[in-house]
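[1] need the 3D shape of this:
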Amino acid sequence: MATTTRPRPRDWHPLTDTDPTPGDPESIRDEVAHMKHLAGMLRAEAADLKGRYATKLRDEARELEVHLRETAGRYERVHGHLTAWAAELESIQSDADRILRGARADAEAAPPEDTESASGDDPLAKYRRSLTRVEAHRDERASHYAARIRHEINDKIKDSWWERRKNEIDGVKGAISLVADVMSWVATVIAIVAIFTTPAGWIAGLAVWLAVGVLAGHIALAAAGDCSWLDVGMDIFGLLTMGIGGAALNGLKDVRAATKLAAQAAADERAAVTATRASRSVLDRSSATVNRRGSTAAARARARHVRNIAKAAAERAGRNAAVEEAATPMAEASQREAVLVGGDRETANLYKDVVRMRAAYPESAAVQRASQGAEGYKGTFQGTWIAATAVDGADKAVGDSDALPEKPDYGPYGAFKDRYTREVGSAW
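    Numbers count the residues shown, from 1 in each chain. Below is the predicted model:
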């Protein structure tokens, strides 16, 4: 028979700030009804199993039938204690509500100047003492029934190692969920800050470890049936994009290093050729003197000396140009360029420097060859950043949050994620 209860007060002023006797007897009764239904189903299945497999798979069927009956018995024993506790809790809450009504009536009837006596005595002290006794009584009865229920479930049905771990996780699931959510928001904040400034290396590393921590927390919760496996999938996706993005960044570094070496060689070659062209007339005259039959030995020696000086000058010009290119600092990308490439200033700088060297030495096949792949690595980094940002941003925008409980969320999205909440199987 359904029990109708009057709504409980939310505001417990002037006695206390919160409900001293929390709990919902109707929810407990609903759970009792569910347990009765399960017990009946299990006993019916056990009876059906016993008859159906009387001569086939006898030993295995008998063991399963025993387990079903033992589980039904556990439900039947426990729901009796829960029924009694729901009735007692309802009575205790009625006493607490009655005390609150009396305190409010006295407070409203008393003149304002009498809300506290001159001696500092609390005019509501008797109500506070009564409420304290009711609260202590509630705690004592709750402990009593908790002990009875623990005794009843300490039966022949032994939980597996994993089931005990799941119970432990259930006991701290709120803390795990809150810590994972806080770590997730911190990692997101780091990613946003990185768009506008280059964070220290340890901060970037912290973001990775935060993501690993979030994944570990969500795996533990999902395995215990307290979190959606979709959250785990999104965490893995985020770490994969970090890994792919990191690999793309390293590839771009290699391309820039190879292009830098090719650019130094191209600068050397260009400067040497330019210097040789500038001294072409001197070289031609020296060569003519050396090759002329009528030239004296002294004239040939002077011509060779002049030619060697010109060649040495060309080589020196090439070496100086190579050193100058090596000393040229990496190009600095603008804020807009960094945002467009994926929010990472280092990636934007590397790509811009490759483009600079490519444009500076268009005649060098080696530079053009070494710089190939820069666009691919930049695009990969950019794509992983966009994908990770879209998934994380959408989840945080429309999903709920333990760290920000007042944040609005989109109910159907939460319902969709709940479809992928599956507890890892228990073993008998």
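[2] quick one: contacts for the spatially closest residue to Thr276 that is not a sequence neighbour?
    Take Thr276 and drop its neighbours on the chain: the residue closest to it by C-beta to C-beta, 6 or more residues apart in numbering is Ala314, 4.6 Å away. In this view, the C-beta of every residue, glycine as well, is placed from N, C-alpha and C. Contact analysis of Ala314 by C-beta atoms under 8 Å, 6 or more residues apart in numbering lists Ala272, Val273, Ala275, Thr276, Ser279.
[3] of those residues, closest to Arg336?
    Nearest to Arg336 among the contacts of Ala314 is Val273, at 37.9 Å by C-beta to C-beta.
[4] count of neighbours near that closest one?
    Counted by other C-beta atoms under 10 Å, the residues lying close to Val273 total 13.
[5] mind listing what it touches?
    Neighbouring residues of Val273 by C-beta under 8 Å, 6+ apart: Ala314.
[6] packing partners of the one helix or strand Ser177 maps to?
    Ser177 is part of helix 173-196, with elements assigned from DSSP states H and E. The contact analysis (3 or more C-beta pairs under 8 Å, 6 or more residues apart in numbering; DSSP states H and E) places helix 173-196 against helix 201-223, helix 335-341, helix 374-398.
[7] and if we set it to 7 Å?
    Counting contacts by 3 or more C-beta pairs under 7 Å, 6 or more residues apart in numbering; DSSP states H and E, helix 173-196 is packed against helix 201-223.
[8] any idea of the mean pLDDT for the helix it packs on?
    Helix 201-223 carries an average pLDDT of 87.
[9] same deal with stretch 103-113?
    Regarding stretch 103-113, the rounded mean pLDDT is 76.
[10] cool, stretch 233-246 as well?
    In the prediction, stretch 233-246 has an average pLDDT of 93.
[11] so how far is Pro22 from the residue nearest to Thr276?
    For Ala314, the distance to Pro22 equals 91 Å [C-beta to C-beta, to the nearest Å].
[12] give me the neighbour count for the residue nearest to Leu404 when sequence neighbours are not counted.
    Once flanking residues are discounted, Leu404 sits nearest to Trp185: 7.7 Å by C-beta to C-beta, 6+ apart. When neighbours are defined as other C-beta under 10 Å, Trp185 has 17 of them.
[13] then Gly376?
    Other residues close to Gly376 by other C-beta under 10 Å number 13.
[14] now do the same contact list for it.
    Shown in contact with Gly376 (C-beta atoms under 7 Å, 6 or more residues apart in numbering): no residues.
[15] mind doing that once more with 10 Å?
    Ala248, Gly251, Leu252, Val255 (C-beta atoms under 10 Å, 6 or more residues apart in numbering).
[16] from those, which is closest to Pro412?
    Using C-beta to C-beta, Ala248 comes nearest to Pro412 of the contacts of Gly376, at 35.2 Å.
[17] and the next helix or strand past the helix or strand hosting the closest one?
    Taking DSSP H and E as the criterion, Ala248 maps to helix 229-278. Going down the chain from helix 229-278, the next helix or strand is helix 280-291, by DSSP H and E.
[18] what residues sit buried inside that following helix?
    Neighbour counts over helix 280-291 (16 or more other C-beta atoms under 10 Å) mark Leu283, Ser286, Thr289, Val290 as buried.
[19] then stretch 183-193?
    So, applying 16+ other C-beta under 10 Å, buried residues of stretch 183-193: Met183, Ser184, Trp185, Val186, Ala187, Thr188, Ile190, Ala191.
[20] least confident of those?
    Model confidence across those bottoms out at Ala191, which has 81.
[21] endpoints of stretch 335-352, how far apart?
    Stretch 335-352 stretches 12 Å from its first residue to its last (C-alpha to C-alpha, to the nearest Å).
[22] name the residues of it that are buried.
    For stretch 335-352, burial by neighbour count (16+ other C-beta under 10 Å) applies to 337-338, 341-352.
[23] can you redo the buried residues of stretch 183-193 as TSV with distance to Leu100?
    Listed next are the buried residues of stretch 183-193 as TSV, based on distance: C-beta to C-beta, whole Å:
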residue	distance to Leu100
Met183	41
Ser184	41
Trp185	39
Val186	42
Ala187	45
Thr188	44
Ile190	48
Ala191	49
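[24] ok, back up a step: okay if I get the buried residues of helix 280-291 as CSV plus pLDDT and distance to Gly225?
    Converted to CSV, the buried residues of helix 280-291 look like this (pLDDT from 0 to 100; distance: C-beta to C-beta, whole Å):
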residue, pLDDT, distance to Gly225
Leu283, 73, 86
Ser286, 79, 90
Thr289, 78, 96
Val290, 75, 93
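[25] which among those gets closest to Gln372?
    Nearest to Gln372, judged by C-beta to C-beta, of the buried residues of helix 280-291 is Leu283 at 36.8 Å.
[26] which residues does that closest one contact?
    Shown in contact with Leu283 (C-beta under 10 Å, 6+ apart): Thr276, Arg277, Ala303, Val306, Arg307, Ala310, Lys311, Ala314.
[27] in the residues you listed, find the pair that's most separated.
    Pairwise distances across the contacts of Leu283 (C-beta to C-beta) peak at 19.3 Å, for the pair Arg277 and Ala303.
[28] what comes up buried for stretch 255-264?
    In stretch 255-264, counting by 16+ other C-beta under 10 Å, buried: Val255, Arg256, Ala258, Thr259, Lys260, Leu261, Ala262, Ala263, Gln264.
[29] who's in contact with the fourth one?
    The reference is to Thr259. Counted by C-beta under 10 Å, 6+ apart, Thr259 has contacts 266, 350, 353-358, 361, 364, 366-374.
[30] out of these, which are buried?
    Neighbour counting over the contacts of Thr259 (16+ other C-beta under 10 Å) leaves 266, 350, 353-355, 357-358, 361, 364, 366-368, 370-371, 373-374 as the buried ones.
[31] now, among the residues you listed, which is nearest to Arg77?
    Arg77 lies nearest to Leu350 out of these, by C-beta to C-beta, at 68.9 Å.
[32] packing partners of the helix or strand containing that closest one?
    Assigned by DSSP H and E, Leu350 belongs to helix 345-360. Packed against helix 345-360 by the contact rule (3 or more C-beta pairs under 10 Å, 6 or more residues apart in numbering; DSSP states H and E) you find helix 173-196, helix 229-278, helix 335-341, helix 365-370, helix 374-398.
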